[in-house]
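Asker: Structure for this input, please:
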Amino acid sequence: MGMMPEVVTMVVTQQPVTLTTELPGRTSPYLIAEIRPQVSGLILKRLFTEGSDVKAGDVLYQIDPAPFQAALASAEAALGRAEANLPALRARAERFKELVAEKAVSQQAYDDAASALRQAEADVQYWKATVENARINLGYTKITSPISGRIGKSSVTDGAIVTAYQPMALATVQQLDPIYVDVPQSTAELLRLQRRLSEGRLARGGVEQNTVQLLLEDGTPYPHEGALQFRDVSVDPSTATVILRMVFPNPQGVLLPGMFVRALIKEGVNERAILIPQQAVTSNSKGNPLVMLLGTNGIVEPRPLVIERAVGDKWLVSGGLAPGDRVIVEGLQRIRPGMPAKEAAPAGAPGQGMPPGQMPPPAARAH
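Answerer: Numbers count the residues shown, from 1 in each chain. The predicted structure is shown next:
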């Protein structure tokens, strides 16, 4: 029969593996404010540069204040007039109160005087409120930004007439640092994850669980880690997905709203994972995965596998192998099930098989 074929094996061991899922998503602004006027009037001046960063409270537009200043002056004058009437009416009501006790004036005359005083006091309150309202409206002629962020293009120029609370925004301010990334996750994936957690195949990795890495559109890793904020409670029926929302620091402004990104989410840790190099796995006539084992008797035997997913260049095996099994990773083309084979001697470990979870050294790889 000639020489017995030599193979390189790997001893199956269990090791902890952090499992991640890569999901596509889109960026969206952390805060977004549409700038609208709160009073109607003529825009005298736009006071920002389009596309620049603005701070909360910065004045963005100035509406012509003249009519509002006039309304304030008019209300203040009316308030002054109402206040000027008060002392005389108050003195008259007090005098009538003494006289009615001495029956010098009728009860009716006193009631009329007291009523006139109360009406004058109410007038003063009314005009005070009118002055306050006019002052607020005058303040609204300076249109300010409610948030800090990046401002986009202006929809109006100097000289435009605007109306209070109009449907069209004058400009939009978006806070981009931090920034949200919204990722849809299928409900099937969600159920699978919950099932694996409940079966104890995965451990929740404490704080680690919340950190998320990001890959940009061109595949480069984003330098800052993000945090998983929440998982939406309702499922989108058209796509059978739930939204995962993450928040990422964006100090350099690399991420812009609406960008397509891929998030790497840590699902948890499989403490007893079995990883097999991908080249050790073949498939049978039905297309199901299997590996060749070198039995203790030196005979090659096929073993069907249950493969869960790829982890890097290895397969994560969830069934079919046990610690201590010797999986043939090199020399597969020289053997068939039921044949005897012998262990090639990698440097320093004759006949022992490779160290757990390691690839053969280059010398042993040569066929």
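Asker: in the chain, which spans are helices?
Answerer: 66-101, 107-139, 187-198, 362-365 (DSSP state H).
Asker: Counting by contacts, list what the longest strand seen in the chain packs against.
Answerer: In the chain, with assignment by DSSP state E, the single longest strand is strand 15-35. Secondary-structure packing of strand 15-35 (3 or more CB pairs under 8 Å, 6 or more residues apart in numbering; DSSP states H and E): strand 149-151, strand 171-186, strand 241-248, strand 260-277, strand 306-311. In short, each C-beta sits where N, CA and C put it, glycine included.
Asker: Next, format the ones you listed as JSON lines and append distance to residue 157, mean neighbour count and mean pLDDT.
Answerer: What follows is the helices and strands packed on strand 15-35, written out as JSON lines (distance: least, CB to CB, whole Å; neighbours: other CB atoms under 10 Å; pLDDT from 0 to 100):
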{"stretch": "strand 149-151", "distance to residue 157": "15", "mean neighbour count": "20", "mean pLDDT": "94"}
{"stretch": "strand 171-186", "distance to residue 157": "12", "mean neighbour count": "20", "mean pLDDT": "92"}
{"stretch": "strand 241-248", "distance to residue 157": "36", "mean neighbour count": "19", "mean pLDDT": "89"}
{"stretch": "strand 260-277", "distance to residue 157": "34", "mean neighbour count": "19", "mean pLDDT": "87"}
{"stretch": "strand 306-311", "distance to residue 157": "56", "mean neighbour count": "14", "mean pLDDT": "86"}
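Asker: Below-threshold pLDDT in this protein: ranges please.
Answerer: Scanning the chain with the threshold set as pLDDT under 70 gives 1-2, 197, 200-210, 345-367.
Asker: domain parsing for it?
Answerer: When the chain is parsed with automatic domain parsing, its domains come out as 6-16+272-349, 19-29+175-270, 40-64+141-168, 67-139.
Asker: what separates residue 274 from residue 230, distance-wise?
Answerer: Plainly put, residue 274 is 33 Å away from residue 230 if you go by CB to CB, to the nearest Å.
Asker: before we move on, back to that, for the longest strand of the chain, buried residues please.
Answerer: 17, 18, 19, 23, 25, 27, 28, 29, 30, 33, 35 (16 or more other CB atoms under 10 Å).
Asker: Return the angle between stretch directions for it and strand 241-248.
Answerer: 80 degrees (axes from the mean of the first three to the mean of the last three CA atoms, to 10 degrees).
Asker: Strand 15-35 pairs with which strands, parallel or anti?
Answerer: strand 171-186 (antiparallel), strand 260-277 (antiparallel) (DSSP bridges).
Asker: In a markdown table: the ones you listed, plus distance to residue 156.
Answerer: Formatted as a markdown table, those follow (distance: least, CB to CB, whole Å):
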| stretch | distance to residue 156 |
| --- | --- |
| strand 171-186 | 8 |
| strand 260-277 | 32 |
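Asker: can you tell which of these is closest to residue 244?
Answerer: strand 171-186 (4.7 Å; CB to CB).
Asker: Quick one, which of the helices and strands packed on strand 15-35 gets closest to residue 105.
Answerer: Of these, nearest to residue 105 by CB to CB is strand 171-186, at 66.2 Å.
Asker: now the angle from that closest one to helix 187-198?
Answerer: 60 degrees.
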